[in-house]
Every structure is written in C-alpha cells, then in structure tokens.
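Asks: heads up, no residue letters with this:
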C-alpha cells in the first residue's frame with residue numbers, strides 16, 4: 001500500500017523500493033566548453049542533509065525574497081513626509097518663521113502633527129498586517145535528512161526536495177522528481193486554462209499551483225532568480241488595486257494644484273507689488289491666502305481611515321492583503337459563494353453506506369478503506385471515508401488517479417489479497433452514471449435532504465483508459481453529511497438586507513447544493529440550476545445568473561466565466577472560496593476572499609483572508625468599507641469647500657486690489673475648528689450608509705456651491721467693514737469681522753455634513769463653536785490671534801450676512817440633492 005512515510009536519505013523508501021525516476025538535480029551545471037550538459041545526478045528522494053543545507057546557506061543559495069505583507073517602514077515615512085503639498089507648505093512655513101510671529105506659523109506645526117499621526121497609524125497597521133501574514137503564510141513540506149517537515153518559504157535552499165499536493169502553490173522554480181497524477185495549473189503564468197500533467201524531469205515554475213495528484217520536485221532556482229521573484233513587485237500584497245476613493249482624490253488634487261498656481265501668483269503680485277504696504281505683513285497675508293488652498297489633511301485622513309480599518313479587522317483575524325479591498329467589498333453588489341468550506345465547514349461525516357446490487361457490505365468497506373489509503377492528500381470527502389473505514393492493509397495499490405474538480409471523480413487499481421486485480425472509481429453519481437439510471441432517483445432523494453452522495457463503482461477498464469467511466473458497475477452509495485457553519489444563515493440574511501445578491505456556486509450536485517442553501521434560508525434555493533446546462537454565450541449566461549441564485553456541478557472554468565458574465569452586466573463581484581478550484585474565479589473577481597484554512601493558492605490570490613475561517617467576518621469588512629467611503633466623502637466635502645472659498649477669495653482680492661483679509665493664524669484657527677478636529681472624528685465614526693459610486697461628483701456638487709457662497713459672504717462682509725472702519729488699526733477690525741462671517745458660514749457647512757445628528761455629533765459641533773467663542777472673549781487669545789470685534793454694528797452685520805449665507809447653503813444643498821442625485 002502506498003504510504004507517506006519517512007524516506008531514507010539514500011533515495012530508498014522503507015522496504016527497499018526504488019525511488020521515483022531521476023530528474024535534473026539543482027546542483028548540475030552546464031559545462032561551458034561542451035554544448036551538451038553532463039549527466040544529471042539522480043533525484044534524491046530523501047532530500048538534502050543538514051550539512052548540505054548549511055553549506056548552501058553559507059553560499060547564500062537561500063530563498064531570501066522577503067514576504068511583504070505591507071510597505072516597509074522607510075516607505076511609510078517617505079510617503080507621509082515627502083508629498084507635494086508638504087513641500088509647498090514647508091517652504092511657506094520656513095518663510096513665515098522669518099517674517100512673522102510664531103502664531104502665523106502654527107499651520108506648520110499642524111502639518112507636523114498630521115504627518116506624525118499618519119505615520120503612527122500606518123505603522124500600527126503594518127504591525128497588524130505583518131503579524132497576520134506570518135499566521136497565514138504558506139509553509140511548504142520539504143524533505144531533509146529523509147524526513148518531510150514544514151518550513152517557511154524563506155528557509156528553502158537550492159537543491160531542496162519540496163513535496164506537492166492538491167492546492168499547494170509552487171513557491172520556487174524546479175524540476176519534477178516524483179509525480180503521481182500530478183496536474184499543475186499554470187494559467188496565472190501562461191493564461192492557458194487547462195492543467196498540465198507533469199512527469200519526472202518536467203520543469204515546474206513558481207506561481208503555478210497543483211490541482212490534482214501529488215509529487216515532489218527539486219528546487220533549481222531560489223531567491224531573486226525564481227520566476228516568482230520577478231513578479232514580486234506586481235504581486236506585492238500592498239499593491240493598491242483600483243480604489244475609487246484614491247483615484248477620485250488624486251483627480252481632485254490634480255485640479256486643485258492647477259488652480260493654485262495662477263491664483264497664488266496673482267495674489268503674490270497683488271500683495272507685494274500693487275499694494276504699497278508693510279513688506280512683512282504683505283508676505284504674511286500672501287502666505288495666509290495660499291495655505292488654505294491646500295487640502296493637506298484629506299490624503300492623510302484617507303490613509304488613516306484605511307489603516308485603522310486594517311487594525312480593526314486584524315483584531316477579528318481578517319487579513320487585508322490589499323488596503324483598498326476594504327473599500328471594494330463595501331461597493332460589491334454580488335457575492336459568489338462556494339458552498340464547501342464557506343457555507344459548510346471543511347469536515348464531513350459518513351452517515352450511511354448503501355450497498356447496491358446485493359454487494360457485500362464488508363467487501364465494500366474494504367474497497368473504501370483501500371481507496372482512502374491510495375490518496376496521500378485526501379480531500380474532505382475522502383478523509384471522512386478514511387475516518388469511517390480504515391484500511392486493512394491487505395490490498396496493494398498498483399495505480400491511482402487523484403480527485404480533480406474538472407472530472408468529478410478519483411480512482412485506483414488494486415491487487416487484492418487473493419491475487420485478483422480490480423479498478424474502482426469514487427465520485428459524482430451523475431457524472432459516472434448515464435442519464436436515466438435507476439440509482440439516480442434514489443440519489444436525488446438524498447440530495448434533496450442536503451446530503452452529499454458519492455458513488456463507488458467498479459470499472460472494467462484501466463485507469464488511464466479514456467473509457468474508464470463507461471459501463472461502470474455501481475457498487476455502493478456513500479452518504480456524507482456536511483456541517484453547516486452556524487453563522488452562515490445570519491451572514492446570508494445580512495447581505496439580503498443590504499441589497500447584495502448572493503450566488504451559491506458549487507461543484508457538488510445541484511439538488512444537494514439547493515438543499516443546503518434552502519436550510520440557510522437563501523431566497524431562490526428551490527430553483528437550483530445544473531451548470532452543465534448553462535449557455536456558453538456570455539450575455540445568455542449573465543441573464544441566467546441574474547435570474548437564479550444557486551448553481552451546482554460548476555467547473556472551475558465555469559466559475560471564472562460566471563464572474564466575467566456578472567461583471568459584463570456592471571456588477572461589482574466578490575468571490576469567496578477555499579479550494580484550488582476557486583483560484584481562477586478569485587483572481588478574476590473584483591474582490592477575492594479566501595478562508596484561512598484554504599489552499600495556499602487561494603490565499604495567495606485573495607485580497608482578503610479570513611484567518612479564523614468565519615464567513616461571519618464578511619459583514620465586518622463591509623461595515624469597515626462603508627465607514628471609510630461614507631466618512632471620507634463627508635470629510636472631503638469639508639476640505640474642498642475650504643479650498644474653493646480660499647481660491648475664490650484670492651481671486652476677488654486680486655481683482656479688487658485690496659489687502660488679503662486674513663493672516664495665516666486666522667485661517668489656521670478656522671481650519672482647525674471647522675475642518676481639522678471635526679474631520680478627524682467624523683472620518684473614524686461608525687457609518688452604515690450604503691456605498692455610493694461617483695465619489696468626485698458627490699463631493700464637488702456640495703463643495704463648489706458651499707465654497708462659493710462662503711467666499712462671497714466673507715468678501716462682502718470684508719468690503720462693508722472696510723467702508724465702516726477707519727484709522728490705523730482698521731485692518732485688524734476688518735479682519736475680525738470677516739473671520740466671524742467665514743467661521744459662522746463654515747460652521748453651518750460642518751453642521752450639514754455632520755448629519756444625521758447623534759449626541760456626540762451635536763456635542764462636537766457645539767464644542768467647536770464654544771472654542772471660537774473663547775478665543776473672542778479671552779483677552780490674551782484675542783491678542784494672540786489678532787481677533788477683536790470692534791463696536792456692535794459690524795459684528796452683527798457679519799452675523800446677519802453669515803445667517804443669510806447659511807440659509808442659502810441649506811437651500812442650495814437641498815436643491816443639489818434633488819437636481820443632481822449621486
């Protein structure tokens with residue numbers, strides 16, 4: 001009987017049987033003189049010795065490609081410090097430190113604080129990601145000193161013998177040494193969908209994965225020479241996949257930069273050349289006009305919101321391999337679920353064995369025990385059979401065919417104890433039996449109860465014969481019960497409430513899949529579709545997918561086609577799975593979600609890995625995504641309203657040839673109270689609003705009218721104040737009146753953005769208003785910020801203008817909601 005046992009280091013398995021055929025050893029080198037390479041040493045089934053491993057480590061022949069789950073610390077610091085806007089503000093800050101009091105340089109300290117917060121939060125997120133990545137890291141089985149042991153991929157050395165089984169990812173390049181029905185999917189490398197049957201001597205490339213069978217290979221290229229290393233940057237887990245938030249913010253910042261340049265130049269000329277006033281004061285007011293145009297905190301708060309989302313999900317054992325995946329899952333409107341391992345737990349139990357045609361139960365159990373022992377890497381179904389019917393060791397396996405998702409069965413040939421030879425198949429009854437076979441009626445009754453049924457059948461042909469499944473003799477039905485996940489029903493209900501369509505896509509029998517979905521309360525479970533009857537045309541397939549929810553007998557390629565068909569209808573598709581048959585669909589979906597117990601290949605291509613194997617974690621990911629999207633949209637409106645009114649105020653000042661009304665300290669105070677502090681709390685607050693598309697449109701439809709009204713109200717107040725006040729200190733009084741009008745108008749924008757109100761939102765807005773009031777009434781703060789309201793007429797005029805402006809903003813925002821719905 002074939003066993004996964006300890007292998008002697010001389011290449012002999014216990015019992016003296018010779019190892020598998022030879023293959024090229026990693027140590028073989030081409031002779032530079034002769035075009036033909038020297039004879040390759042035979043494949044060493046026992047692997048390297050400890051001494052040989054130490055030699056290779058000393059020579060640096062180690063797979064030292066770093067596994068990056070996140071950006072490095074220098075990258076994080078660099079990304080937060082060396083930004084376009086930090087450079088602009090840094091230069092202006094340096095200028096202000098020389099020409100004005102420290103209170104006019106406060107904006108620089110705010111930027112330092114913001115940058116520090118961003119770095120700290122991203123480093124916290126990095127620590128969380130790196131810790132989870134270690135938990136979820138693939139550990140290949142490597143033979144050394146005759147024994148197989150799991151080691152980290154970074155410990156593999158040149159010449160190591162690495163074992164392969166279904167679902168294993170090939171982590172380094174090599175040459176096959178042993179192959180037992182070894183089928184490798186290279187589609188992620190070559191685009192070729194069909195698995196490649198590997199034989200001893202055939203090359204294997206890192207980045208491919210095993211779909212059936214098993215074997216072992218010798219590592220011939222490790223570290224940065226391996227094919228995987230060449231893809232490392234592309235496949236980096238921190239790669240920013242498409243994110244509407246990030247793309248939208250980049251678009252906005254690009255236009256803001258172009259607006260800033262001519263406006264700033266005009267302001268500089270206006271304040272320094274045209275106006276014959278104090279040089280230092282003119283420089284200070286010029287800087288005061290430029291600084292608020294920059295929405296410096298917007299990018300920071302977006303990064304912080306993503307980072308905190310990663311940390312929150314990390315506490316729930318959810319590994320986010322690509323940060324925008326948090327946002328992406330919140331935008332998903334179709335979730336495709338693989339039944340096995342997602343709706344059901346990985347394990348199964350044999351509940352019944354039904355012999356057919358008068359077969360002897362004891363003999364059937366002996367066949368099942370031998371079949372279980374013939375597969376060194378049993379799947380969940382076969383493992384349940386192994387647990388129920390241990391092998392008697394009387395039969396010898398002469399040939400085996402591992403289970404494949406594409407063919408839906410496995411098999412083995414045996415030399416029985418009495419010398420008779422037999423070939424047996426174990427798999428899907430509706431695949432092994434012809435349509436109309438009487439046994440199928442009995443099987444359908446069991447499937448309708450949500451049970452999985454496998455057929456044990458005897459074949460009259462050899463395993464490698466194309467006719468092996470023709471005219472088989474049904475011998476027994478093996479009835480398996482799948483363990484439903486206790487949290488699956490609640491999670492399906494959550495998606496239904498959120499208007500997210502759920503599609504159950506499984507390779508199992510369609511009736512059985514429908515029964516499981518029905519037990520979980522999934523709408524449409526009674527109309528299960530057999531995927532073998534699905535159309536191949538993409539449009540027709542999409543139509544069937546829109547009309548139905550549960551699909552059985554789906555092949556791996558059909559899963560991929562289904563994802564593409566749904567995407568062709570404009571759907572944002574998430575795919576969950578844990579088996580190797582899910583890899584291609586996971587890769588093609590907008591968001592791939594893998595279970596932590598899934599195969600190495602699924603974990604490698606998924607953007608989100610549920611390390612606790614809990615399907616119930618998905619609503620938490622959706623909630624985090626909605627919090628990020630909804631809150632950043634709110635925050636962006638605040639920041640960009642400030643940018644719009646700052647640019648427009650500068651244009652009005654240039655056209656009117658008057659002094660810019662504000663010093664940097666005034667706008668630092670306003671920005672902090674109406675944007676900075678509130679935005680930080682609003683960006684991190686719970687938010688269950690459904691994710692909406694068109695981020696730029698949704699932000700700018702409020703920011704432009706809000707900013708225009710605020711700028712006009714402020715400038716009108718300033719002009720009235722200039723006519724009202726006279727004398728040497730009149731500019732200070734004029735500035736105070738304009739600041740009051742701008743503050744009250746900006747506060748109303750904040751009050752609108754903070755809706756719907758909760759106690760803490762009301763308290764937040766109230767606290768900001770109280771803080772400004774304190775500045776106005778405390779003498780030393782008046783002096784510090786150069787804010788002092790003179791008389792009663794002008795302050796009340798400013799309040800009146802602000803009230804009118806606020807009412808206009810309210811009306812315009814409501815009109816915008818109706819006229820330009822997002």
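Replies: Now that the structure is in, tell me what you want to look at. A quick note: this is a predicted structure, and the numbers were derived from the prediction, not measured.

Asks: all strands for the stretch 251-400 of the chain, in order.
Replies: Residue ranges of the strands in the stretch 251-400 of the chain, as given by DSSP state E, counting those that start in this stretch, are 318-320, 334-337, 344-355, 396-401.

Asks: Take these and write them to a markdown table, including distance to residue 272.
Replies: All C-beta spots, glycine's among them, are computed from the backbone N, C-alpha and C. Written out in a markdown table, the entries for those read as follows (distance: least, C-beta to C-beta, whole Å):
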| stretch | distance to residue 272 |
| --- | --- |
| strand 318-320 | 50 |
| strand 334-337 | 59 |
| strand 344-355 | 72 |
| strand 396-401 | 84 |
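
Asks: closest one to residue 589 among these?
Replies: Counting by C-beta to C-beta, residue 589 lies closest to strand 334-337 out of the strands of the stretch 251-400 of the chain; the figure is 7.1 Å.

Asks: For the closest one, which outside residues touch it?
Replies: When contacts are defined by C-beta atoms under 8 Å, 6 or more residues apart in numbering, strand 334-337 is touched by residues 343, 495, 500-505, 559, 562-563, 566, 571-576, 585, 589, 618.

Asks: which residues in the stretch 551-700 of the chain form helices?
Replies: Ranges of helices within the stretch 551-700 of the chain are 556-568, 583-588, 600-605, 618-656, 664-671, 677-684, 695-724, based on DSSP state H, counting those that start in this stretch.

Asks: what would those look like in a markdown table with distance to residue 142, mean pLDDT and mean neighbour count?
Replies: Conversion of the helices of the stretch 551-700 of the chain to a markdown table gives the following (distance: least, C-beta to C-beta, whole Å; pLDDT from 0 to 100; neighbours: other C-beta atoms under 10 Å):
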| stretch | distance to residue 142 | mean pLDDT | mean neighbour count |
| --- | --- | --- | --- |
| helix 556-568 | 28 | 90 | 21 |
| helix 583-588 | 23 | 82 | 24 |
| helix 600-605 | 14 | 72 | 26 |
| helix 618-656 | 34 | 86 | 23 |
| helix 664-671 | 58 | 86 | 23 |
| helix 677-684 | 45 | 86 | 20 |
| helix 695-724 | 47 | 91 | 21 |
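
Asks: Any chance of a markdown table for these, columns distance to residue 210?
Replies: Shown next, in a markdown table, are those (distance: least, C-beta to C-beta, whole Å):
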| stretch | distance to residue 210 |
| --- | --- |
| helix 556-568 | 13 |
| helix 583-588 | 11 |
| helix 600-605 | 8 |
| helix 618-656 | 28 |
| helix 664-671 | 57 |
| helix 677-684 | 43 |
| helix 695-724 | 41 |
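
Asks: looking at those, which is closest to residue 176?
Replies: Of all the helices of the stretch 551-700 of the chain, helix 600-605 sits nearest to residue 176, with 17.7 Å by C-beta to C-beta.

Asks: residues contacting the nearest residue to residue 735 once chain neighbours are set aside?
Replies: Setting aside the residues directly before and after it, residue 735 is nearest to residue 661 in space (C-beta to C-beta, 6 or more residues apart in numbering), at 5.3 Å. By C-beta under 8 Å, 6+ apart, the contact list for residue 661 reads 649, 653, 714, 715, 718, 734, 735, 738, 739.

Asks: In the stretch 351-500 of the chain, where is pLDDT below threshold?
Replies: When residues are selected by pLDDT under 70, those of the stretch 351-500 of the chain lie in 392.

Asks: one more time with 50, if that's ok
Replies: Applying pLDDT under 50 to the stretch 351-500 of the chain picks out no residues at all.

Asks: so where do the helices sit in it?
Replies: Secondary structure of the stretch 351-500 of the chain, counting by DSSP H, counting those that start in this stretch: helices at 361-374, 380-388, 429-432, 438-447, 488-497.

Asks: buried set for the last one?
Replies: Same thing as helix 488-497. Within helix 488-497, the residues scored as buried using 16 or more other C-beta atoms under 10 Å are 488, 489, 491, 492, 494, 495.

Asks: which residues sit against that helix?
Replies: With contact meaning C-beta under 8 Å, 6+ apart, helix 488-497 is reached by 335, 342-344, 501-502, 520-523, 615-616, 618-619.

Asks: of all these, which two lie farthest apart?
Replies: Going by C-beta to C-beta, the pair spanning these furthest: 344 and 501, at 20.5 Å.

Asks: Please say which of the two ends up with more neighbours.
Replies: Neighbours around residue 344 and residue 501, counted as other C-beta atoms under 10 Å, are more numerous at residue 344. The numbers are 24 against 19.

Asks: per-residue confidence at that one?
Replies: What the model reports for residue 344 is a pLDDT of 78.

Asks: Grab the nearest non-local neighbour of it.
Replies: Once flanking residues are discounted, residue 344 sits nearest to residue 482: 4.1 Å by C-beta to C-beta, 6+ apart.

Asks: Run a quick check on the one you found versus residue 452, I expect a contact.
Replies: Yes. The pair residue 482 and residue 452 qualifies as a contact (C-beta atoms under 8 Å) at a distance of 6.0 Å.

Asks: who touches both of those two?
Replies: The contact sets of residue 482 and residue 452 overlap at residue 348 (C-beta under 8 Å, 6+ apart).

Asks: Tell me the buried residues in stretch 415-428?
Replies: Of all the residues in stretch 415-428, those buried under the rule 16+ other C-beta under 10 Å are 422, 423, 424, 425, 426, 427, 428.

Asks: do stretch 813-822 as well
Replies: Using 16+ other C-beta under 10 Å, the residues of stretch 813-822 that count as buried are 813, 816.

Asks: Same check on stretch 46-61?
Replies: Of the residues in stretch 46-61, 46, 47, 48, 52, 53, 56, 61 count as buried by neighbour count, 16+ other C-beta under 10 Å.

Asks: Distance to residue 149, pLDDT and secondary structure for the residues you listed - can I get that in CSV?
Replies: Formatted as CSV, the buried residues of stretch 46-61 follow (distance: C-beta to C-beta, whole Å; pLDDT from 0 to 100; DSSP: H, G, I helix; E, B strand; the rest coil):
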residue, distance to residue 149, pLDDT, secondary structure
46, 13, 87, coil
47, 10, 89, coil
48, 12, 90, strand
52, 15, 91, helix
53, 12, 92, helix
56, 17, 90, helix
61, 19, 88, coil
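
Asks: from the residues you listed, which single one is nearest residue 798?
Replies: residue 61 (75.5 Å).

Asks: Around the residue lying closest to the closest one once chain neighbours are set aside, how many other residues sit close by?
Replies: With sequence-adjacent residues excluded and distances taken as C-beta to C-beta, 6+ apart, residue 61 is closest to residue 158, at 3.8 Å. The number of residues packed near residue 158 is 25, by other C-beta under 10 Å.

Asks: Please report how far residue 158 lies from residue 204.
Replies: Going from residue 158 to residue 204 by C-beta to C-beta, to the nearest Å gives 15 Å.

Asks: likewise residue 418?
Replies: Counting by C-beta to C-beta, the gap from residue 418 to residue 204 is 40 Å.

Asks: can you check residue 623 too?
Replies: In this view, residue 623 and residue 204 are 42 Å apart by C-beta to C-beta.

Asks: go on, residue 762?
Replies: Plainly put, residue 762 is 63 Å away from residue 204 if you go by C-beta to C-beta.

Asks: what's the span of stretch 480-488 from first residue to last?
Replies: The first and final residues of stretch 480-488 sit 20 Å from each other (C-alpha to C-alpha, to the nearest Å).

Asks: tell me which residues of that stretch are tucked away?
Replies: Using 16+ other C-beta under 10 Å as the burial criterion, the residues of stretch 480-488 that qualify are 480, 481, 482, 484, 485, 488.

Asks: For the nearest residue in space to residue 718 that is not next to it in sequence, grab the count of nearby residues.
Replies: If the residues on either side of it in the chain are set aside, residue 718 comes closest to residue 738, at 4.1 Å by C-beta to C-beta, 6+ apart. As a burial measure, residue 738 scores 27 neighbours (other C-beta under 10 Å).

Asks: Against residue 268, how distant is residue 738?
Replies: To residue 268, residue 738 is 21 Å away according to C-beta to C-beta.
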